[in-house]
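Enquirer: Could you work out the structure for the sequence below:
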Amino acid sequence: MAPGKPALRSTPRAWDALTPALAEWILDATASMGFEKMTPVQASVIPLFMGHKDVVVEAVTGSGKTLSFLIPVVEKLLRLEDPVKRHNIGAIIISPTRELAAQIHSVLLNLLAFHGPSSAALRLAKQDGEVSSGDEIEAPIYSPSTPKVVPQLLLGGITTPAQDLSAFLKQSPNLLIATPGRLLELLQSQHVHCSQCEVLVMDEADRLLDLGFKPTLQKIISHLPKQRRTGLFSASMSEGVDQLIRVGLRNPVRVSVKVKSASGAVDKRTPNSLEMSYLLTPPSHKLPALVQLLEKAQPHRTIVFLSTCASVDYFQHVLPEILPSDLVVCSLHGRMPPNARTKNFDKFTTTVRQSLLLTTDVAARGLDIPAVDIVVQIDPPTDPKAFLHRCGRAGRAGRKGLSVVFLTPGREEDYVRFLDVRKTPVSPLILPSVSVSEVDASQTTSKIRALVRTDRALYDKAQKAFVGAIRAYSKHIASSIFRVTDIDWDDMAAGWGLLRMPKMPELKNYQGDRSLGLDVDWNAYAYADKTREIQRQQQLEEGPRPKVELPERKRKADNAWSDKKDAKRTREERRDKRQTKHEKQREAKMTPAEKLQYREVQAMVAKVRARVEQEDEWEGFD
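Expert: Reported below is the predicted structural model:
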C-alpha cells in the first residue's frame, strides 16, 4: 500500500483487508468499477484460490463469481517466479457458451486496463494532485521482463481453428478463455504446450455437463498437469459435477454462499433483491398479459424466455405487431449464426431505448446483462434447474428485479408447490396488476393472424414452432404436472395465431375443427419472397409427387405373449432395483436437512402420480 494512505479495514469485506493482500492496481480497478466492497462469494473464494486451494463454489446467480476467479488467476500469473515460456499456457478458463466466454474476456480486459507502469504513475500523480481523473495518460509500456497477462479468446463459429492457432503462435498468450470444443482443438496441436498451466477454471460447471461436454472436458484435463489449481463455479451443483470433482480436483474446499430470506432462513437460493412471482393465465392470454406487464412496469430491459429456437424465430416477427412501436425486440438462440448472435446480443445490451430479448435457455446461464428489470417465462423450462437461472438474469448485484412465470390454470398450478420444495418459492403477481379480458385476447389473436396471412413463410414458422413447443412440453421432467392430454388445443392455437392445426401425433384424438373456423384460400396464399413463391407455383403445376414405395421389412418372429410379459416384468424389476440402489447411495451422502427435503419431494411426486392414475381410471368410465 502507498505510504501515507490510510487502511480502510473498518469496512466489512473491504478489498484491502484480504490475506494475502491484493496488488494496488487491482484495488484501483475494483474501486473504479464501482465495487466498494466484496460480495460474500468473493470474500470467501479469493483468499482460498490465491492460497493454493482447489475450490468448488456454489452461489446464487448475480453474486459476483466472475471476479472471484479472475482476480486470483491474474494474481497467480503475475506472481510466478518463472514467467510462462513462449507457446505455453499459464491458465485456462472454460465457459459453456460463446456469450459467457466473451463476457468473461471483456471483464478481464477492463481489469487489466489498470495494470502497467503508466497506471502506477497515474496513481502516484493522483495522490500528489498532479492530474485529475479526466486527464488522459499514455498507454502502458512494458519491458520484456515485466510480468503481464496476455489473454486469448477462443470461440467456435467465430474464427477457424487455423486462425486461432495462428493468433496463438503470434501473440503467445498465457491465459485462454474458451468454449470446450475450440479449446480442445487448440490443445491437440503439437505447437501448444500445457506443462506450465497453473490454474484451470470451469465456469457454470453443471451447464458444461448438461450440454454434453463431459468427454471433451475429460480430454482437456488429460492434457493438463496434475499439479495445478482448479476451480469449479456454478449457481447449482449436479451429480455429474461430483464426478468431475473426483477426476479433476485435489481435496477441494467447497464454498456454498446462501441468502437469508425475510424470515431469517438461510436456505434461500435466490437474491433478496429479486421478486419471483407467477401469473395464472390461459394460453391465449399470455401475449396480451405480456403487453400489459410491459406497459405498466415500463422496464428498461426485459428478457422473455421460450422453450425452443423455432419459437423464438416465429415470435420475433409476431411480437413487434402487438408491442409498443418504440420497443426494440432482439432475438437470441443456439441455432442462430454466431455473428448474428453477437450482433443481436450487443444491440440488446447497448441500446438506450427500451428493449426486449426473446431467447431460449442459451441466455439463462452466466450472462451478466446489465440493468435487466423483468424476466418473463412464457414457457416454464423443461428442466426445473433452469428455472432459477432464468430468473437470475434480473436482480443481479443488489439491483431490484422481477421474474414472472406464466402458468395455465389447473394442473400447472402444482408447479408452484414443486418450486417451493426446491427452495425457489414464487408468489402470485400483485404489482403491477395484470388482467386480460376475452376481448383483449381475441384482438391479439386477430392481429397475429392478420400478420401471418401476409406471408406464407410466417405460417411455416408458426407450424414448426408450435410442433416443437408441444414436443418440449411433453418432455418436462415434472411430467405429472405438464401433461399434453390436458392442453386446450383451440385456446393454444389462438394464442399462437395459427391458421390451422398442424399434423402431429399428439393431435390424433383431437375432435375439433382443424381449420379453426378460418376461411383461407391455400392455393392463393403466397410467400412474400418472390423466388420462393415461384417454386411453390411450380410445385402446384407439377401436382403431388408420386408416393415412393418402400421395401417391405421382414417381421421378426412373434414370441408368445406370456414370454413378452415375463421379459417386461424382469426389466421393470431390474430397473426398480437399480433405482432403489441409487436412491440409497444418494441419501447416504445427504445431510439430515437434505434427506428431509428429498423425501418430501418424493412424497409429493408419489401423491401427484397416484392422483393422475386415479383420474385416468375414472376416465375409462365416461
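
Enquirer: use CA for all of it now, contacts and neighbours both
Expert: OK.

Enquirer: Which residue ranges of this protein form strands?
Expert: Using DSSP state E, the strands found in the chain span residues 55-59, 91-94, 151-154, 175-178, 199-203, 229-234, 253-257, 274-280, 301-305, 328-332, 355-359, 374-377, 401-407, 427-428.

Enquirer: For these, give me TSV that also has mean pLDDT and distance to residue 463.
Expert: Listed next are the strands of the chain as TSV, based on pLDDT from 0 to 100; distance: least, C-alpha to C-alpha, whole Å:
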stretch	mean pLDDT	distance to residue 463
strand 55-59	89	40
strand 91-94	97	37
strand 151-154	96	37
strand 175-178	96	37
strand 199-203	95	37
strand 229-234	90	37
strand 253-257	87	44
strand 274-280	95	25
strand 301-305	97	19
strand 328-332	96	19
strand 355-359	97	19
strand 374-377	97	21
strand 401-407	96	22
strand 427-428	96	32
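
Enquirer: of those strands, which approaches residue 483 most closely?
Expert: Nearest to residue 483 among the strands of the chain is strand 401-407 (12.9 Å), distances taken as C-alpha to C-alpha.

Enquirer: The closest one pairs with which strands, and in what direction?
Expert: For strand 401-407, the paired strands and their directions (DSSP bridges) read strand 274-280 (parallel), strand 374-377 (parallel).

Enquirer: Packed most tightly, which of these would that be?
Expert: strand 374-377 (a mean of 25; mean count of other C-alpha atoms under 10 Å).

Enquirer: starting at the chain centroid, how far to that strand?
Expert: The chain centroid and the centroid of strand 374-377 are separated by 13 Å, computed with C-alpha atoms, centre = their mean, to the nearest Å.

Enquirer: can you pull the alpha-carbon coordinates of it into CSV?
Expert: Presented in CSV, the C-alpha positions along strand 374-377 are these (Å, rounded to 0.1, in the frame of the first residue of the first chain):
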residue,chain,number,x,y,z
ILE,A,374,-38.0,-8.1,-15.7
VAL,A,375,-37.7,-11.7,-16.8
VAL,A,376,-40.8,-13.3,-18.2
GLN,A,377,-41.1,-17.1,-18.8
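
Enquirer: Output the strands of the chain as JSON lines; include the columns distance to residue 534.
Expert: Below are the strands of the chain laid out as JSON lines (distance: least, C-alpha to C-alpha, whole Å):
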{"stretch": "strand 55-59", "distance to residue 534": "56"}
{"stretch": "strand 91-94", "distance to residue 534": "48"}
{"stretch": "strand 151-154", "distance to residue 534": "43"}
{"stretch": "strand 175-178", "distance to residue 534": "45"}
{"stretch": "strand 199-203", "distance to residue 534": "50"}
{"stretch": "strand 229-234", "distance to residue 534": "52"}
{"stretch": "strand 253-257", "distance to residue 534": "61"}
{"stretch": "strand 274-280", "distance to residue 534": "45"}
{"stretch": "strand 301-305", "distance to residue 534": "36"}
{"stretch": "strand 328-332", "distance to residue 534": "29"}
{"stretch": "strand 355-359", "distance to residue 534": "32"}
{"stretch": "strand 374-377", "distance to residue 534": "39"}
{"stretch": "strand 401-407", "distance to residue 534": "41"}
{"stretch": "strand 427-428", "distance to residue 534": "51"}
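
Enquirer: Looking at those, which is nearest to residue 40?
Expert: Counting by C-alpha to C-alpha, residue 40 lies closest to strand 253-257 out of these; the figure is 7.0 Å.

Enquirer: between the closest one and strand 55-59, how big is the angle?
Expert: What separates the directions of strand 253-257 and strand 55-59 is an angle of 10 degrees, with axes from the mean of the first three to the mean of the last three C-alpha atoms, to 10 degrees.

Enquirer: pLDDT below threshold where in the stretch 1-150 of the chain?
Expert: With pLDDT under 70 as the threshold, the stretch 1-150 of the chain has low-confidence stretches at 1-12, 61, 116-146.

Enquirer: Which parts of it are helices?
Expert: With helices called from DSSP state H, counting those that start in this stretch, the stretch 1-150 of the chain shows them at 24-32, 40-50, 65-78, 98-112, 117-128.

Enquirer: so which of those helices gets nearest residue 386?
Expert: Of all those, helix 98-112 sits nearest to residue 386, with 16.0 Å by C-alpha to C-alpha.

Enquirer: which parts of the closest one are buried?
Expert: Taking 16 or more other C-alpha atoms under 10 Å as the neighbour-count basis, helix 98-112 is seen to contain the buried residues 98-105, 108, 111-112.

Enquirer: ok, now stretch 327-343?
Expert: Of the residues in stretch 327-343, those scored as buried under the neighbour-count criterion (16+ other C-alpha under 10 Å) are 328-334, 338, 341-342.

Enquirer: Give me the contacts around that stretch.
Expert: Contacts made with stretch 327-343 from outside it, assessed by C-alpha atoms under 8 Å, 6 or more residues apart in numbering, are listed as 99, 157-158, 309, 312-313, 316, 319-320, 344-345, 347-348, 353-363.

Enquirer: for stretch 198-208, same thing?
Expert: Counting by C-alpha under 8 Å, 6+ apart, residues outside stretch 198-208 touching it are 69, 73, 76, 90-96, 214, 227-238, 240-241, 365-366.

Enquirer: still on that earlier bit, tabulate the strands paired with strand 401-407 in TSV, adding columns for distance to residue 426.
Expert: As requested, the strands paired with strand 401-407 are exported to TSV (distance: least, C-alpha to C-alpha, whole Å):
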stretch	distance to residue 426
strand 274-280	5
strand 374-377	13
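
Enquirer: The residue lying closest to residue 319 once chain neighbours are set aside bridge partners, please.
Expert: What sits nearest to residue 319 in space, not counting adjacent residues and going by C-alpha to C-alpha, 6 or more residues apart in numbering, is residue 329, at 7.8 Å. For residue 329, the beta-bridge assignment (DSSP bridges) gives partners residue 356.

Enquirer: Now do the contacts for residue 70.
Expert: For residue 70, the contacting residues are residue 108, by C-alpha under 8 Å, 6+ apart.

Enquirer: what's the average pLDDT for stretch 410-424?
Expert: On average, the pLDDT along stretch 410-424 is 91.

Enquirer: Numbering from 359 from now on, please.
Expert: Will do, 359 is the new start, and the previous item becomes stretch 768-782.

Enquirer: So which bits of it are buried?
Expert: Under the neighbour-count criterion of 16+ other C-alpha under 10 Å, stretch 768-782 has 770-777, 780, 782 buried.

Enquirer: Who are the contact partners of the nearest residue in space to residue 398 that is not next to it in sequence?
Expert: The spatially closest residue to residue 398, leaving aside those adjacent along the chain, is residue 615, at 7.0 Å (C-alpha to C-alpha, 6+ apart). If a contact means C-alpha under 8 Å, 6+ apart, then residue 615 has 398-399, 415-418 as its contacts.

Enquirer: Next: residue 784.
Expert: Applying C-alpha under 8 Å, 6+ apart to residue 784 gives the contacts 634-636, 774, 777-778.

Enquirer: Can you lay out those residues as JSON lines showing distance to residue 803?
Expert: Formatted as JSON lines, the entries for the contacts of residue 784 read as follows, by distance: C-alpha to C-alpha, whole Å:
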{"residue": "634", "distance to residue 803": "28"}
{"residue": "635", "distance to residue 803": "26"}
{"residue": "636", "distance to residue 803": "23"}
{"residue": "774", "distance to residue 803": "28"}
{"residue": "777", "distance to residue 803": "31"}
{"residue": "778", "distance to residue 803": "34"}
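
Enquirer: And those residues, which is closest to residue 737?
Expert: Sorting those by how near they are to residue 737, with C-alpha to C-alpha, puts residue 636 at the top with 11.7 Å.

Enquirer: you'd agree that closest one is up against residue 787?
Expert: Yes. At 5.6 Å, residue 636 counts as touching residue 787 under the criterion of C-alpha atoms under 8 Å.

Enquirer: measure residue 743 to residue 717 for me?
Expert: Distance, residue 743 to residue 717, by C-alpha to C-alpha, to the nearest Å: 17 Å.

Enquirer: wait, residue 723
Expert: Using C-alpha to C-alpha, residue 723 is found at 12 Å from residue 717.

Enquirer: Residue 783 now?
Expert: Using C-alpha to C-alpha, one obtains 23 Å as the distance from residue 783 to residue 717.
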